[in-house]
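Visitor: no sequence for this one, just the structure:
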């Protein structure tokens, strides 16, 4: 049964998603988003992994269990179509503690990780994140593969 509390909760997620999307456009106006994984649940944080067309990415996290500490990590990404994987590398000397952010199967090095291109949901920092198609061309290409 849908309760008023559930409707409010869903509305807050929708508003947060719109705010995060507009923030991402303002923070990187020269590059449009190809894909994004955005948190949909969990009590660890509000998380957004943005993959830009210029092959850069931003991992933006507001960590609720650390008094809303805001963390922004950046790097580059590429797609390996033969293995159906996106590969990510943190740049600028950033070396976050990857076991806290990703599952063991996702970690590929000291400052790199991968995501299977077929996955619609992944876990980042113990939080479920769903894939959102941002670029209409990417959406068409993704549908054509299936």
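Guide: Received, thanks. The structure displayed is predicted, hence computed values, not measured ones.
Visitor: got the contact list for residue 118?
Guide: residue 84 (C-beta atoms under 8 Å, 6 or more residues apart in numbering). For glycine as for every other residue, the C-beta is placed from the backbone atoms N, C-alpha and C.
Visitor: does it belong to a helix or a strand, and which?
Guide: Under the criterion DSSP states H and E, no helix or strand holds residue 118.
Visitor: pLDDT score for it?
Guide: You'll see residue 118 listed with a pLDDT of 92.
Visitor: What are the buried residues along stretch 78-94?
Guide: Burial within stretch 78-94, assessed by neighbour count using 16 or more other C-beta atoms under 10 Å, is assigned to 85, 86, 87, 88, 89, 90.
Visitor: Kindly check the end-to-end length of it for me.
Guide: 18 Å (C-alpha to C-alpha, to the nearest Å).
Visitor: repeat for stretch 103-113
Guide: Stretch 103-113 end-to-end distance (C-alpha to C-alpha) = 9 Å.
Visitor: repeat for stretch 58-77
Guide: Stretch 58-77: ends 10 Å apart by C-alpha to C-alpha.
Visitor: next one: stretch 76-84
Guide: Stretch 76-84 end-to-end distance (C-alpha to C-alpha) = 17 Å.
Visitor: List the contacts of that stretch.
Guide: 51, 55-57, 85-89, 91, 116-118.
Visitor: shaky segments in this structure?
Guide: 1-31, 42-43, 134-146 (pLDDT under 70).
Visitor: List the pairing partners of the helix or strand harbouring residue 37 within its sheet, with orientation.
Guide: According to DSSP H and E, residue 37 maps onto strand 33-39. Strand 33-39 pairs in its sheet with strand 45-52 (antiparallel), strand 127-133 (antiparallel), by DSSP bridges.
Visitor: Single out the most deeply packed of those.
Guide: Of all the strands paired with strand 33-39, strand 45-52 carries the top mean neighbour count, a mean of 23, counting by mean count of other C-beta atoms under 10 Å.
Visitor: Great, nothing more from me.
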